[in-house]
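**Q** Sequence and computational prediction follow.
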Amino acid sequence: MTDVTQVTQGLTLLGATGSIGASTLDVVARHPGRFRVFALTAHRSADALLALCLKHAPRYAVLSGLPEDAALRRRYAEAGCRSELLFGAQALEQVAADPECDVLMAAIVGAAGLAPTLAGARAGKRLLLANKEALVMAGPFFMRAVREHGATLLPIDSEHNAVFQCLPQEAAQSSGRASVAAVRRIMLTASGGPFRSAPLERLSRVTPDEACAHPNWAMGRKISVDSATMMNKGLEVIEARLLFEVPAERIEVLIHAQSIIHSLVEYVDGSVIAQLSNPDMRVPIAHALGFPERIDSGATPLDLAAIGQLSFERPDAQRFPCLGLAYAALREGGTAPAVLNAANEVAVAAFLEGRLRYTAIPQVIEQALARTPASAADSLDTVLEADRGARRAAADAAALLMGKAA
Ligand code: NAD
Ligand code: MG
């Protein structure tokens, strides 16, 4: 039930037309009075954004991938939309930092989300972070902005949200920066994706649709491929290192095919605390939206007896080389995670467009890492420069590998 005395919070949702965007709006719609949708953004999906505006009536709607378009503005008005339509990437930063935005959900996919997410951090927002690529790229620099501007960072990635919930509350409440002295290990769970037990020799022929057919989660196509290669888990190891300040050697990955346990924290006394739920992103989203209160997410209650068994195994390094590449980039530090992320984005896009074999994805990333020297990631400019350099190196590596495959 909604508490009528509470102050309504203005929500800016970056990436409203995506999978996380839809789950967020579903939770928000269950709590009228608690949230008011202030701004919704999409890249180029004008029709999908219009439909959301008609339903949620935000003050602003942003199409970041389109130039000013008077005809589109008229079309929105004629459809009965009263939101003000803004165009271009700069408008993302505007709606993220606006004083009327109290809660910022960062759910753009990839490096494109960095600038507006950072703008929200610098404006001291309550920042709900799904866009892990932004954090992986900008690393300690991003975390410093969060600290210096008094932003509150709440993880939406189900694993990090689980870890957050398993950490002591007084630590968890200080914007995700927990005291980890008593933590022996963080265990991030991973489903293993659609190719967990496929014959290794089949992997060079898998198609984009096969890679996107995740057994437990319905997600955007980029993160679905990342889940198949386990680069998603690699990015999450880096994300955990940044959010919780636990050294890399104390962050482990555990394959758990059912995606019921979302992660575990082991303490020095041998106690292990886990967070469980059905695989439904509305659970971590509702947790972060309501925090420190608990609010309804709409998720189906967990029925462990019906599930019967939970299984666990160690990841196979040969099947999932991307995981090792991510640990290597984390150990190297500086701009290496930004290079890893950019090269992965290039390789995954080429795979999704049918231009690169699935098994060439880690090869492209490895070559980009080898060819792009890491430097300190101490400013937005150095991070963006590393991102651009890595994209060039990855595109070159991909072109060579495509030539060989032809
Ligand atoms: P998606 O592809 O379904 O949606 C992406 C959204 O970003 C869309 O609204 C799109 O319009 C927008 N977008 C795409 N490119 C853009 C650009 N260049 N500039 C501005 N906006 C752009 O993706 P998703 O599955 O919702 O994932 C979003 C983020 O959340 C990713 O970083 C992903 O890793 C993370 N995440 C997703 C899930 C999940 O279950 N889907 C779980 C954990 C973390
Ligand atoms: Mg995750």
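**A** Received it, and whenever you're ready, just let me know what you need. Small disclaimer: the values here were computed from a predicted structure and weren't measured. Ligands and ions are numbered 1, 2, ... in the order given.

**Q** Distance-wise, check the residue in the stretch 51-200 of the chain that ligand 2 sits nearest to relative to residue 131.
**A** Per C-beta to the ion, residue 157 is where the stretch 51-200 of the chain lies closest to ligand 2, at 4.1 Å. Any C-beta I mention is one placed from the backbone N, CA and C, and that applies to glycine too. Remark: distance between residue 157 and residue 131 (C-beta to C-beta, to the nearest Å) = 9 Å.

**Q** now swap in residue 185 and tell me
**A** Applying C-beta to C-beta to residue 185 and residue 131 gives a distance of 26 Å.

**Q** And for residue 386?
**A** 18 Å.

**Q** Ramachandran coordinates for residue 168?
**A** Residue 168 adopts backbone torsions of phi -60, psi 140, taken as degrees, to the nearest 10.

**Q** hang on, I meant residue 124
**A** phi 70, psi 30.

**Q** about what we covered before: neighbour count for residue 185 and residue 131, which is higher?
**A** residue 131 (26 against 15; other C-beta atoms under 10 Å).

**Q** show me what contacts that one?
**A** 14-15, 106-110, 113-114, 117 (C-beta atoms under 8 Å, 6 or more residues apart in numbering).

**Q** nearest spatial neighbour of it, skipping sequence neighbours?
**A** Nearest non-adjacent residue to residue 131, counting by C-beta to C-beta, 6 or more residues apart in numbering: residue 113, 3.8 Å away.

**Q** Which stretches in the stretch 201-350 of the chain count as strands?
**A** Using DSSP state E, counting those that start in this stretch, the strands of the stretch 201-350 of the chain run over 251-255, 261-267, 272-276.

**Q** Distance to ligand 2 added to the ones you listed, as TSV?
**A** What follows is the strands of the stretch 201-350 of the chain, written out as TSV (distance: least, C-beta to the ion, whole Å):
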stretch	distance to ligand 2
strand 251-255	11
strand 261-267	8
strand 272-276	13
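
**Q** Present the ones you listed as CSV; the columns should include mean pLDDT, distance to residue 229 and mean neighbour count.
**A** Listed next are the strands of the stretch 201-350 of the chain as CSV, based on pLDDT from 0 to 100; distance: least, C-beta to C-beta, whole Å; neighbours: other C-beta atoms under 10 Å:
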stretch, mean pLDDT, distance to residue 229, mean neighbour count
strand 251-255, 98, 13, 19
strand 261-267, 98, 20, 22
strand 272-276, 98, 25, 16
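
**Q** Export those strands to TSV and append columns for distance to ligand 1.
**A** As requested, the strands of the stretch 201-350 of the chain are arranged in TSV below (distance: least, C-beta to the nearest ligand atom, whole Å):
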stretch	distance to ligand 1
strand 251-255	15
strand 261-267	11
strand 272-276	15
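
**Q** quick one: which of those strands is nearest residue 66?
**A** strand 261-267 (36.3 Å; C-beta to C-beta).

**Q** For that closest one, which strands pair with it and how are they oriented?
**A** Its sheet considered, strand 261-267 pairs with strand 183-190 (antiparallel), strand 272-276 (antiparallel) by DSSP bridges.

**Q** Quick one: closest of the ones you listed to residue 75.
**A** Closest to residue 75 of the strands paired with strand 261-267, according to C-beta to C-beta: strand 183-190, at 43.2 Å.
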